[in-house]
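[1] Build me a model from this:
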Amino acid sequence: MFDAGGRLTLLVVAALAYLFLPLSGTVAFVLARSPRIRFHGAQAIVVGVVWPLALLAASALSASATRVVWGVGALVWLALLTGTALGRDPALPGLRGALGGLAARDEP
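    Next up, the predicted model:
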């Protein structure tokens, strides 16, 4: 569905995977055929699950910890969104291998 073939389409759809975490990542991962889009969809799912869990854990510690986790998460989210939109393939440490293999599969 998402594979119109153009480079601009690949850039936009891969970046859109990060727009509404983790829902847009799930849509990109399930519907796309391109390994690049599927990788970014899978990574968006991971970020969309880990960031709220980290916020929840930080809120149990203190308001300051919550603000720090929110700020770091926001910076990571913006870096992934803009980096992907610019045609780069930013990956969180340790995820490229696991998610790359998952994205390369024919079936989700």
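
[2] hang on, residue 90 packs against residue 83?
    Yes. In this structure residue 90 lies within contact range of residue 83 using C-beta atoms under 8 Å: 3.9 Å. (Each C-beta comes from the backbone N, C-alpha and C, glycine too.)

[3] any residues in contact with both of the two?
    Shared contacts of residue 90 and residue 83, defined by C-beta atoms under 8 Å, 6 or more residues apart in numbering, are absent.

[4] State the pLDDT value of residue 12.
    Listed pLDDT for residue 12 reads 88.

[5] shaky segments in this protein?
    1-8, 106-108 (pLDDT under 70).

[6] Buried residues in stretch 11-23, which are they?
    Neighbour counts over stretch 11-23 (16 or more other C-beta atoms under 10 Å) mark 11, 13-18, 21-22 as buried.

[7] mind listing what the one residue sitting closest to the centre of the chain touches?
    With distances taken as C-alpha atoms, centre = their mean, residue 44 lies nearest the centre of the chain, 2.1 Å away. Residue 44 makes contact with 17-18, 21-22, 24-25, 28-29, 80 under the criterion C-beta under 8 Å, 6+ apart.

[8] Just give the nearest non-adjacent residue to it, would you?
    residue 25 (2.7 Å; C-beta to C-beta, 6 or more residues apart in numbering).

[9] who touches the residue of the chain most remote from its centre in this structure?
    Most distant from the centre of the chain: residue 62, at 27.0 Å, with distances by C-alpha atoms, centre = their mean. Residues near residue 62 by C-beta under 8 Å, 6+ apart: none.
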